[in-house]
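**Q** sequence first, predicted model second:
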2 protein chains.
Amino acid sequence: MFYVVFYDITDSNLRQKVSSFLKSKGLRRVQLSVFVGEMNSSTLKDVRSGLSRLHRISQEGERFSIMIVPTTESLFSKRISIPDEDLDEDKIIW
Amino acid sequence: MFYVVFYDITDSNLRQKVSSFLKSKGLRRVQLSVFVGEMNSSTLKDVRSGLSRLHRISQEGERFSIMIVPTTESLFSKRISIPDEDLDEDKIIW
């Protein structure tokens, strides 16, 4: 299944760990705090438990919220970007 | 159609305008920079042009990126939240 994963994490160190982790699972960044990609049920399980582990080390008083929303690649391809998307992804430097 | 709208906007004033605007269009906040909700094609058109108008007044050097992803309410209801979602939405204070 295709997923959109977005997060709101105030601790920079944890935020960095989350983005590296999602990248390592083959997800692709489409916005600073949003990744997308295909995951089978086994990868999804890994991702969920890895992110829960990171949540457990987050400090009281810091925001840590992640949502994993199932969608389809076909629906995602119909997204609207403002400003219009630069389709040359190599140009995007994170 | 049901949409997920997420943004990365560094200018606080513009970010506030965007969130108020999305709220005024009946969308519901599910994360600090993420809204969801049903929009018909006419509302979607309004939202797109309203957000483009806000983009035009954004300053060079500030990040301003919004994505509107079509999905379905049924897919969205299968989302995974970390930490687990508190289903009593009244408790969430933005």
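**A** Done, it's in. Residues are numbered from 1 along each chain as shown, chains lettered A, B, ... in the order given.

**Q** show me the residues around residue A:54 that make contact.
**A** Contacts here follow CB atoms under 8 Å, 6 or more residues apart in numbering or on different chains; on that basis residue A:54 touches A:14, A:17-18, A:21, A:64. Heads up, the C-betas are built off the backbone N, CA and C, glycines and all.

**Q** what strand or helix carries it?
**A** Assigning secondary structure by DSSP states H and E places residue A:54 in helix A:41-56.

**Q** give the rounded mean pLDDT of that helix.
**A** For helix A:41-56, mean pLDDT rounds to 97.

**Q** in that helix, what counts as buried?
**A** Judged by neighbour count using 16 or more other CB atoms under 10 Å in any protein chain shown, the buried positions of helix A:41-56 are A:43-44, A:47, A:50-51, A:54-55.

**Q** need the max-distance pair from the residues you listed.
**A** In terms of CB to CB, the buried residues of helix A:41-56 reach their longest pairwise distance at A:43 and A:55, which sit 18.4 Å apart.

**Q** quick revisit: out of the contacts of residue A:54, who's nearest chain B?
**A** Proximity to chain B was ranked across those by CB to the nearest CB; first place goes to residue A:64, at 7.3 Å.

**Q** quick one: contacts for the nearest residue to residue A:34 once chain neighbours are set aside?
**A** Leaving aside its sequence neighbours, residue A:34 sits nearest to residue A:6 (CB to CB, 6 or more residues apart in numbering or on different chains; 4.5 Å). Residue A:6 makes contact with A:31, A:33-35, A:66-67, A:69, B:6, B:31, B:33-34, according to CB under 8 Å, 6+ apart.

**Q** cool, residue A:78 as well?
**A** Neighbours of residue A:78 in contact, by CB under 8 Å, 6+ apart: residue B:70.
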